[in-house]
Structures are given as C-alpha cells and as structure tokens.
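Enquirer: sequence and predicted model, in that order:
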Amino acid sequence: MNNNCNLIDNSFGVEVVASHLMSVNEEWLSTWFVNNYIQKCSMFCPDNVSALFNDVSTNTKLQKAVSAAVNWRLNTALEDAWRVLYIAQDFVLCQVRRISLTVRSCTCWITELAKTDARLSIYFTAVAFLHVAYRISRIGFTDELMDVLATIIGQFISTRRHPNDPSQRSSELSLSKATKLMKVVANSSCSTVQLIEIELSKAYLHRALICKDSDSDSIYCLTNVYLAVLYYTTGQYQTTIDHCTLVTRSQDHSQCSSHVVQGELLPKIDNDTDTVLGLAVFYQYVRTAALNQRQTQHVSVFTTELFAHYLNIRCLSVTQTMSSDDVRRFRNCFCCKEPFITDVLAVKTTIHSCDFCQCQSTTVRSSQQPTLSATDPNTSELVELLQRSAVEHLTTLRQLEARDFGSVATIVTTDFEALYAYKHGDYQRCSQLSTQNVRTLLYAVYMPDIPTFPEFIQLLDDDIVSLTALTLIVNPECRVWSPNVRITQLTLSLYLMTQCQLKLRHSVTSLAQTLDYIDVALRRHPLDHTLDRLTLALIKRKVLTYVKMMRLTVF
C-alpha cells in the first residue's frame, strides 16, 4: 500500500489519537457539553436563571440550574410561538408590498404556506385581497390583476404563454376562464368569496368582448348571455335586459349553434329554470333507460338566442315591465329555431307564467342599441367585496389566535369587524364593539398590532391617513421602524369608540370617561410607539374641542 495515499500515516501519531479518544468518557463529555453549550445558552435566560450557572461544581447544582432553564423555556414556548407568528405575518405583508403579486408568486405563496401554518394561509389571503383591492383602486382592473385574483381564489391559470402573446388575449381564452369560474360559482354556497367569483367572471367576459376576435357572432352572443345571467344573479336587472337585447337584436345567429348556454354553468336564477334543467335531465333518462334510446346530445344546454329571450322575459317580469310584444317576439323566435328540449320546456314555462300575469299593453321601445361599456366594467363593487372578504378572513384569524394564544396575550376578535362597521357608517355597532374591546384591553400586557401600510389603510378613515402622511413628511424614513407603522388593538379601539361617540353626539359625561381611558392608554404606550401616541393625542384633542364647543353652545 502506498503511504502517499494513506490519510492517517505514522507521522500523524495514531497511538496518540487513540489514547486521547480512550480518555473520553461520560464525565469528560458532560463537562465539555456544559462548558461549550449549556453555559452559553444560559446567557439568554432571565438573570435569576442564568445566575444558577455561575456555580455548577456539583451534580446537584448543575441539575438545579438545568431544570430551571428547561422550566423557563417550557413556560415561554407559547409566547415565543405567538411572537414568531406575528414576525411571519410581518414578513408576508412586507413581501407582498415590496414585490407586487403575480400569478407565479401567488401560486408559490399558497402552496408553501399550506405546508407551514393554516393561520398564515388565512393571513396571506386577507393581505392578497387587500393588495388587489388597493391596486384596482390605483390602476384599474388589469388583465394581470384578473389572473392574480383568480389564482388567489383557487383557479390556477397557466402562465406558459407570454401575456403579450395575442393568443393569451383571445376572446376564446377569456371566455374559457370565465366559464371555469362560473362553474365554481354554480357549485358553491352563497358567500363573499362567491360574489367575488361572480364579479371576476364578469371581468373576464368583458375582457372577451374587447378582444380583436370578439366580433365572431357566436362568441359575442354567448358572452353577452353569460353577462346577462351574472347581472341577473346580482340583481342588476336593467343591465341584464341590455345584454339580452344585444343578443336578440343581433342580425346573424348562423354561427351561434357552435356555442350553447351550458346549464351546469348557471348559478341560481329562479325555481323555474331549475325545474327546466331537472325535467330535461329526467326526459333524457327516460329516453335512454326506459325506451332504450341512445343519448345523442347533452340535454342541459340552451340555444343562445332563445335563452337571451327567456332571460329577458324573466327580468321584465321581475321589473313588471313585460309587454305582450315581448312574449310574441319570444314565440316567433322559438318557431324559427331548432330548439333543444330545454328550450321547449323554457318556452312552455314562460308562456304558462305569462298566462297568469297581466302583461302591459303593447309599448313602443326605442330601437337604439343599449349603450354598455365593455371596456370599463364597474370595479367599485369588486373592491368592496375584496375588502369585506379580507375583514372576514382577518376576523377568522383573530379567533384562531385567541384560541391558541389567549393564555399569553389579550386578543380581542372583533377589531376588524368594528373597523369595517365604522367604514360603512354603522356607528352604533362600531361603538358597541369598540367600547367592549377598550374595557378588555385597557390594562393588557400583550396584545396584537394593526399595520397602517396602504393595504390596510384603505380600511381606515381620512384622519388616520392624514396622520400617517404627516409622519412621512416629517421623516420619510420613519416607516421602516415598526412602532411608526403600527397601532395596537387598544389604540384602534379607542380611536373608533371616540369617533363614534362624536358622530353620535354622546354626552359630556360619556366623553369624560373616554378621556380617562385615553390618558391610561397614553401612560401604557412607551414613548417610542410614535403612531400610537400620535393617534391617542389626536382623539384626545378632538374630544376636548368637542366638549369646549358643547359648553359654549350651552352658555
């Protein structure tokens, strides 16, 4: 064997190494572990615990010191977990703000947080909704934001093509994305998220109408019918009628047979429509099972033009503006088509209903085409829904935090609910919740914070927005320090309670109690909690000004 290849040759002193290793016993290893690890770890313990490690000359003293360190660690583990959760939430919010969300990043966030902590997944969804709402308010509902929102609510959309690729913006693709969402809507229960899905479906359909190839009659008519369905679902009947009219007044329906209205995509319209779809399925079952006839087509579909007439009649009956001419046009259209079984049942149901209702006499309606803006759908409703759903998710998160960490921190669960009530002018509800929260939090040692970054500040009022803007004017770098961008639950609750009392014109006696609460809160917030103290000083000044005005009015 070549000594040049020997890792441990004779010059290394194998015998010396062996003798040292033989001297390593349990006592020696324990001493080495205490000196190199336990002593250093003890420096992070409270003084009364770390002092025990100054003298560990006997096994009894060492055991006492180690037991004290272990007990301290066990007693603080839950508090540490609570702090780690809030650090993680800070990281999520800061990253979403700093690196604006994309489809790819949303997919990564959702996938990885699901493996980490369910509470962080809820928090990310809330922050993402607020982030999208904020960006819509600033730049409008862009194609990118549509795909980002679809990803957040669970409809993962392929990003393999470049967004500027014309095929990525085709009306067919936008219509496909809309129908996928509509299928989810049809199979989900009523909730804020479902309403978001409806508004997002509308946006995709509007996008389909502005694509260059949207002049295809089949795409144009089907897209308008689906838009009419969604507007009917949200109670916007005039817009529904307008979209139906765009279809029924179309000059050429020869291509519409290539696209039909899918019954499985329709959300709850009314009982008659559900009955029609159910009878169609039963009819097909009878033909295939009882009569041994082969199924040749999917039965839960409607002809595009006929369904537009059908929905138009339904909407006109709701608004009580239906005329005999509307029914006649529906009948004439039916006679000129090759209907599906669903069309036959729809016509039968509609005409049967019309026999029991008193239609208006023939009226002359304008022949002018409805003026609908396909390029600029109303996004205010979507922004409102995103904010509402974010508050619902944040409230759920608070409930989980109170359940898991209520023994180490005082956590009220209705702070965001109170904030949302204040934003929408429900001052009685906000006052009730905030007053209860103030009494719970007034002498709390630990409590959660609320950030005032743009995603959250849209939930606050102009006074808080102005206050945060003033801090930036004084020191543009101030918002890199957490106490300058956050207020505690106590500060927020006091602010909301005070504002509601002023708006509801509470008595001077009631406001005097509020001033006492504010003074206690000011003493309990350290001087370096700048935004907390500024907010408390603001509401104190507003109360004093109001009380002074009331006294001047009396005298």
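Expert: Sure, I can see it. Small disclaimer: the values here were computed from a predicted structure and weren't measured.
Enquirer: got any ranges where the stretch 151-300 of the chain has weak pLDDT?
Expert: 155-169, 212-217, 251-258, 291-298 (pLDDT under 70).
Enquirer: swap in 50 and give it another go.
Expert: Flagging of the stretch 151-300 of the chain using pLDDT under 50 yields the residue ranges 158-167.
Enquirer: check the stretch 351-500 of the chain too.
Expert: In the predicted model of the stretch 351-500 of the chain, residues 356, 361-364, 366, 374-375 satisfy pLDDT under 50.
Enquirer: now the helices for it?
Expert: For the stretch 351-500 of the chain, the helices defined by DSSP state H, counting those that start in this stretch cover 380-405, 415-423, 427-441, 454-457, 462-474, 489-503.
Enquirer: pick the most deeply packed of these.
Expert: helix 489-503 (a mean of 25; mean count of other Cβ atoms under 10 Å). For the C-beta atoms, the positions are set from N, CA and C on the backbone; glycine is no exception.
Enquirer: for that helix, packing partners?
Expert: helix 415-423, helix 427-441, strand 449-451, helix 508-524, helix 530-554 (3 or more Cβ pairs under 8 Å, 6 or more residues apart in numbering; DSSP states H and E).
Enquirer: put together CSV for the helices of the stretch 351-500 of the chain, with distance to Asn54 on each row.
Expert: Formatted as CSV, these follow (distance: least, Cβ to Cβ, whole Å):
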stretch, distance to Asn54
helix 380-405, 34
helix 415-423, 45
helix 427-441, 40
helix 454-457, 48
helix 462-474, 46
helix 489-503, 40
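Enquirer: which helix is the longest one in the chain?
Expert: helix 59-98 (DSSP state H).
Enquirer: how many neighbours does the closest residue to Gln458 other than its chain neighbours have?
Expert: Of all residues not flanking Gln458 in the chain, Tyr134 sits nearest, at 5.7 Å (Cβ to Cβ, 6 or more residues apart in numbering). As a burial measure, Tyr134 scores 20 neighbours (other Cβ atoms under 10 Å).
Enquirer: with Ser67 instead?
Expert: Neighbour tally, Ser67, other Cβ under 10 Å: 12.
Enquirer: how close does it sit to Glu26?
Expert: According to Cβ to Cβ, to the nearest Å, Ser67 stands 20 Å off from Glu26.
Enquirer: same deal with Trp109?
Expert: For Trp109 relative to Glu26 (Cβ to Cβ), the value is 49 Å.
Enquirer: can you give me the domain boundaries for the chain?
Expert: 3-89, 100-215, 234-362, 409-554 (automatic domain parsing).
Enquirer: mind putting the ones you listed into JSON lines with distance to Ser389?
Expert: What follows is these, written out as JSON lines (distance: least, Cβ to Cβ, whole Å):
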{"stretch": "domain 3-89", "distance to Ser389": "18"}
{"stretch": "domain 100-215", "distance to Ser389": "4"}
{"stretch": "domain 234-362", "distance to Ser389": "16"}
{"stretch": "domain 409-554", "distance to Ser389": "11"}
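Enquirer: tell me which of the ones you listed lies nearest to Glu392.
Expert: Evaluated with Cβ to Cβ, those place domain 100-215 nearest to Glu392, the distance being 6.0 Å.
Enquirer: show the end-to-end separation of stretch 132-147, please.
Expert: 11 Å (Cα to Cα, to the nearest Å).
Enquirer: buried residues, that stretch. List them.
Expert: Val132, Ala133, Tyr134, Arg135, Ile136, Phe141, Leu145, Met146, Asp147 (16 or more other Cβ atoms under 10 Å).
Enquirer: wait, doesn't the fifth one sit right on Val383?
Expert: Translated: Ile136. Yes: counting by Cβ atoms under 8 Å, Ile136 touches Val383, with 5.5 Å between them.
Enquirer: and the gap between Asp415 and Cys430?
Expert: From Asp415 to Cys430 the distance is 11 Å (Cβ to Cβ).
Enquirer: meant to ask about His393
Expert: Counting by Cβ to Cβ - His393 and Cys430 are separated by 19 Å.
Enquirer: try Lys183
Expert: 38 Å.
Enquirer: can you map out the strands along the stretch 151-300 of the chain?
Expert: Counting by DSSP state E, counting those that start in this stretch, one finds strands in the stretch 151-300 of the chain at the ranges 261-262.
Enquirer: next step: the buried residues of stretch 132-147 restricted to helices.
Expert: Val132, Ala133, Tyr134, Arg135, Ile136, Leu145, Met146, Asp147.
Enquirer: show me the contacts for the second one.
Expert: Right, Ala133. Counting by Cβ atoms under 8 Å, 6 or more residues apart in numbering, Ala133 touches Leu382, Val383, Leu386, Gln387, Ala390, Gln458.
Enquirer: can you check the fifth one too?
Expert: Residues counted as contacts of Ile136 (Cβ under 8 Å, 6+ apart) are Leu145, Thr379, Leu382, Val383, Leu386.
Enquirer: helices of the stretch 201-350 of the chain, start to end?
Expert: Here the stretch 201-350 of the chain has its helices, by DSSP H, counting those that start in this stretch, at 217-233, 237-248, 271-285, 304-318, 324-335, 341-355.
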